[in-house]
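[1] Here is my input; please provide its structure:
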Amino acid sequence: MNRLVSEHNAGLNTKRSELEKVGRDIDKLVQAILDGVLGSQIKDRMAELEARKEQLERQIGAAQEVPVRLHPNLAGCYRGQNGGFNVCLGRYRLATINLGNTI
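    Purely as a prediction, here's the structure:
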């Protein structure tokens, strides 16, 4: 389930990145027009970018980022798996402290 949620959210992030790139490309075309490039040469490309921008904005607006779901007892599972390690680590610390006191 979390794999599907992660894939969905990754696809949404990809669309957001593409939207930013399309915006930068539009800005470059506007700058080219201001620099004197003939408008007829870039008119078609500008129309393509504007259409793609609108499409991405609609897709991003319609999609919702889904939070990753965690198992309700995840903390208990973690404690159960690492409980023995914590006991062992506690004994090591206690032995180290006792060793330090005897020296």
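
[2] Packing partners of the helix or strand containing Glu48?
    Using DSSP states H and E, Glu48 sits in helix 39-62. Helices and strands touching helix 39-62, as assessed by 3 or more CB pairs under 8 Å, 6 or more residues apart in numbering; DSSP states H and E, comprise helix 2-34. Placement of C-beta: from N, CA and C, glycine included.

[3] Buried ones in the helix it packs on, by neighbour count?
    Buried residues in helix 2-34, defined by neighbour count with 16 or more other CB atoms under 10 Å: Asn9, Leu12, Lys15, Leu19, Val22, Asp25, Ile26, Leu29, Ala32.

[4] Report the mean per-residue pLDDT for stretch 32-47.
    Averaged across stretch 32-47, the pLDDT comes to 82.

[5] and what of stretch 8-17?
    The model assigns stretch 8-17 a mean pLDDT of 84.

[6] Can you give me the domain assignment for this protein?
    1-69, 72-103 (automatic domain parsing).

[7] Give me the mean pLDDT for the last one.
    In this model, domain 72-103 has an average pLDDT of 61.

[8] from now on call the first residue 653
    Right, with 653 as the first residue, what we last looked at is domain 724-755.

[9] backbone phi and psi for Ala715, please?
    With angles defined as degrees, to the nearest 10, Ala715 sits at phi -90, psi 150.

[10] Quick check: nearest residue in space to it, chain neighbours excluded?
    Leu664 (5.3 Å; CB to CB, 6 or more residues apart in numbering).

[11] Next, the contact list for that neighbour, please.
    Going by CB atoms under 8 Å, 6 or more residues apart in numbering, Leu664 touches Ile712, Ala715, Glu717.

[12] Any of those buried? List them.
    For those, a burial check counting by 16+ other CB under 10 Å picks out Ile712.

[13] Which one of the contacts of Leu664 is nearest to Ala727?
    Using CB to CB, Glu717 comes nearest to Ala727 of those, at 24.3 Å.

[14] Was I right to think the closest one contacts Asn661?
    Yes. Between Glu717 and Asn661 there is a contact at 5.5 Å, judged by CB atoms under 8 Å.

[15] before we move on, back to that, in a markdown table, list the buried residues of helix 654-686 along with distance to Asn725.
    Formatted as a markdown table, the buried residues of helix 654-686 follow (distance: CB to CB, whole Å):
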| residue | distance to Asn725 |
| --- | --- |
| Asn661 | 24 |
| Leu664 | 29 |
| Lys667 | 35 |
| Leu671 | 39 |
| Val674 | 44 |
| Asp677 | 49 |
| Ile678 | 50 |
| Leu681 | 55 |
| Ala684 | 59 |
